[in-house]
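> Structure of the sequence below:
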Amino acid sequence: MKSRVRIVSALFLACFFGLASCGDDTEGGGNGGGGNKRPDETGAACEVADDCYPDVAEGDLQGEAVCITRVQDGYCTHTCETDDDCCSAEGECKSSLLEVCSPFESMDGTHCFVSCEDADVQGAGDVADEQEFCQKKASADFICRSSGGGSANRNICAPADCGVGADCDSADDCDPDLECIATSSGGYCTRRGCATNADCGNDVCVTSGGENFCYRPCTKASDCSRCRADTNATCSADVTFAVDGMTGSVCVPG
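Here you go, the predicted structure:
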């Protein structure tokens, strides 16, 4: 449980940052897997291959277990030759998520990944687009992206670069160069003190509460639910941009 000091500080920052009501004290989930559930099998967080598929008997996987460590918090998978090799072992796939056998960037061979191919997204029925599909069905930290690997690439759900706009309880939940504004609406990873959009990289410099902060730009709701354990950020144009004459929308918690 948060200490009294931390609660008071969080409420002060919420009022100061101007992003949330000061009468609510709901904790955020933390980005990077801190509170955002990951799949139990393919796509699970890992550090080494031994972390993966604990409920599958040794030798039953149709391939070799692999932990892909080049993505945030790791990604459990196994080698494969066809889609049928994925989810073929007892205990391998506990959910209804479909998988594809695909190359991945510059890695050798092909591996199983959670699918966000068009047919699988359309079959879900209760999502607006492929990004919302990955966030709702797999993890709030996931995006739908190309697997890479040339002409044989597939559309897969994989960890995102959370960056600005992710939820947080403290700076430890954010990327190293960002701070956490601990509002009552799940927190918001940001960079303080920008002067222009160039200071925010791919994000946008916004004036709030007399200071400038980097906000995540958006065009649709799923841009703002990425890397947030709860859908507690909205895509809004009702902000003051630091750059005169700029228009558009950004992700605002609350």
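
> Helices of this protein, residue ranges please.
For the chain, the helices defined by DSSP state H occupy 4-17, 118-124, 130-137, 221-225.

> quick one: low-confidence ranges for the stretch 151-254 of the chain?
Low-confidence segments of the stretch 151-254 of the chain (pLDDT under 70): 183-184, 231.

> Could you list the domains of this protein?
With automatic domain parsing as the criterion, the domains of the chain are listed as 4-31+163-253, 49-159.

> Let's have those in JSON lines, adding distance to Pro39.
C-beta coordinates here come from the backbone N, C-alpha and C atoms, glycine included. Below are the domains of the chain laid out as JSON lines (distance: least, C-beta to C-beta, whole Å):
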{"stretch": "domain 4-31+163-253", "distance to Pro39": "15"}
{"stretch": "domain 49-159", "distance to Pro39": "6"}
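
> Adding mean neighbour count and distance to Asp40, write those domains out as a markdown table.
Formatted as a markdown table, those follow (neighbours: other C-beta atoms under 10 Å; distance: least, C-beta to C-beta, whole Å):
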| stretch | mean neighbour count | distance to Asp40 |
| --- | --- | --- |
| domain 4-31+163-253 | 19 | 17 |
| domain 49-159 | 18 | 5 |
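
> mind listing what the residue lying closest to Arg226 once chain neighbours are set aside touches?
Once flanking residues are discounted, Arg226 sits nearest to Ala160: 5.7 Å by C-beta to C-beta, 6 or more residues apart in numbering. Neighbour list for Ala160: Gln72, Asp141, Phe142, Ile143, Arg226, Cys227 [criterion: C-beta atoms under 8 Å, 6 or more residues apart in numbering].

> Including distance to Asp244, could those residues go into a markdown table?
A markdown table is the format used below for those (distance: C-beta to C-beta, whole Å):
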| residue | distance to Asp244 |
| --- | --- |
| Gln72 | 36 |
| Asp141 | 35 |
| Phe142 | 37 |
| Ile143 | 32 |
| Arg226 | 29 |
| Cys227 | 30 |
